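J.: Fold the following and give me the result.
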Amino acid sequence: RHCEFFSNFASDLRRDMWSDHALGPLNRCRLELLDLRRAFEHALTNDPAAALVMATDLYALWLIRDLVADGRRWLNEAIEAVGGVEGPPTSELIMALDDAGTLAWVMANTDEAVRHLDTAIAMAGRLGVQPPPKALVRLGSIRSLAGDLSEGRRLCELARSIALDQSSDLESLMVVERTLGAVLAFSGDAEEGTAICEQAIARARKTDLWLTSALTNLAYATFEINPARAAEVSLEAIEDSKRIGSKYYQGSAWAGLALARLKSGDTAGSCQAYAEALLWMLDSGARQNVLLSLLRMSESLIDVATESAVALSAGVAALQFGPGTDGTWQERRYR
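T.: Residues are numbered from 1 along each chain as shown. All right, here's what the predicted structure looks like:
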């Protein structure tokens, strides 16, 4: 009865996650984390399929309440308990692999992230259904950051076409649009990327939890062509991240502000924003964003503290190996 009661807590969060009243269920789950953990452990032993659903239902808790390491562990344990990637494919397992891949990426476990995301896509094929758009767009962003811009863009655009076909899946569409916009800008189409991110913001304003992320992706997409707009949305994102109580998203928003300030010629302000971003990111466990921010911070420092800039960028290049590459891209960045 205890397990069923707290499984319902998790189910309520999943049901309301993309609504305009999700903060209440999120806060309740955070307060009841100890009992949720007991319920999960009971299900893991007695009903692994229910444990898998429960770990997936709590996705917003893991990401927004800076419990990414807990979420990654719960999902990996539940995936293993239902037979792992060799087990029978189910829609629940595909969703769990999709979420586990995202959480692994946030923690900079890129190989694990790609393995989970590739498996989710392959498992969808075995079930005869469309690949999950969120897995495609996350994999696309990983490929882009690893230097394969054309493949990253292809995956993200495929994700958007699938999400648009599944018009009832608002969650996937919002995740895909905000990520696709940043990827397009990163690959040279800043105007198109900005327009898509603006669409994502309009959708996110109807939710309780996801505006910060949409605003931050717009900052990343538009800082090159409109740093004033990038700074504006970053400042709004910082305030909204405080409202939802997310260190991870607050760090990301500060990083967006740092990019905008650098493009505007404010080197000192950019470094100050990155320093603020890194404190929040380190607290949240978002190691991937720490590495990306250190790399960007080196660009801010290159003209004023060249040795420090080289040390930062070379260190990140040595640590952050892109998936599916032979090392030439990392070597080029290092040099």
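J.: contacting residues around stretch 85-98?
T.: Residues outside stretch 85-98 that contact it (C-beta atoms under 8 Å, 6 or more residues apart in numbering) are 49, 52-53, 55-56, 75, 78-79, 82, 116-117, 119-120, 123-124, 126-127, 129, 132, 134-135, 138. For the C-beta atoms, the positions are set from N, CA and C on the backbone; glycine is no exception.
J.: Just the buried residues from these, in PyMOL please.
T.: Only the buried entries of the contacts of stretch 85-98 go into this PyMOL selection, using 16 or more other C-beta atoms under 10 Å:
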select buried, resi 52+53+55+56+75+78+79+82+116+117+119+120+123+124+132+134+135+138
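J.: Now, the contacts of stretch 85-98 that are in strands?
T.: With strands taken from DSSP state E, there is no overlap with the contacts of stretch 85-98.
J.: Could you find the closest non-adjacent residue to Glu151?
T.: Arg143 (4.7 Å; C-beta to C-beta, 6 or more residues apart in numbering).
J.: Check which helix or strand that neighbour maps to.
T.: For Arg143, the element it lies in under DSSP states H and E is helix 133-145.
J.: Would you mark the buried spots in the one helix or strand Val316 maps to?
T.: Secondary structure from DSSP H and E places Val316 in helix 306-319. Buried residues in helix 306-319, counted by 16+ other C-beta under 10 Å: Ala309, Leu312, Ser313, Val316, Ala317.
J.: and the closest residue to Trp210 other than its chain neighbours, what does it touch?
T.: Once flanking residues are discounted, Trp210 sits nearest to Ala204: 4.7 Å by C-beta to C-beta, 6+ apart. Neighbour list for Ala204: Met174, Arg178, Trp210, Leu211, Ser213, Ala214, Leu215 [criterion: C-beta under 8 Å, 6+ apart].
J.: for Trp18, same thing?
T.: Leu170, Glu171, Met174, Thr207, Leu209, Trp210.
J.: of all the residues you listed, which two lie farthest apart?
T.: Leu170 and Leu209 (13.0 Å; C-beta to C-beta).
J.: Which one's more surrounded, the two?
T.: Between Leu170 and Leu209, Leu209 has the larger neighbour count (other C-beta atoms under 10 Å), namely 24 against 15.
J.: For the more buried one, give me its contacts.
T.: By C-beta under 8 Å, 6+ apart, the neighbours of Leu209 are Met17, Trp18, Ala22, Leu23, Leu26, Ala60, Ile64, Ile244.
J.: and what of Pro48?
T.: Ala78, Ala81, Val82.
J.: before we move on, the earlier item: and for the residue nearest to Glu151, the neighbour number?
T.: That count, for Arg143 with other C-beta under 10 Å as the rule, works out to 24.
J.: ok, now Glu80?
T.: 14.
J.: same question, Glu236
T.: 18.
J.: element containing the closest residue to it other than its chain neighbours, please.
T.: Spatial nearest neighbour of Glu236, excluding adjacent residues (C-beta to C-beta, 6+ apart): Leu215 at 5.6 Å. Leu215 is part of helix 211-222 when elements are defined by DSSP H and E.
J.: Provide the contact partners of that helix at residue level.
T.: 174, 178-179, 181-182, 184-186, 190, 193-194, 196-198, 200-201, 203-205, 229-231, 233-234, 236-237, 240-241, 244, 246, 249-250, 252-253, 255-257, 259-260.
J.: quick one: the helix or strand hosting Gly193 to helix 211-222, angle?
T.: Using DSSP H and E, Gly193 maps to helix 190-204. Interaxial angle, helix 190-204 versus helix 211-222 (axes from the mean of the first three to the mean of the last three C-alpha atoms, to 10 degrees): 170 degrees.
J.: Please name the nearest non-neighbouring residue to Cys14.
T.: Cys isn't right for residue 14; it's Arg. Excluding its sequence neighbours, the residue lying closest to Arg14 (C-beta to C-beta, 6+ apart) is Asp57, at 3.8 Å.
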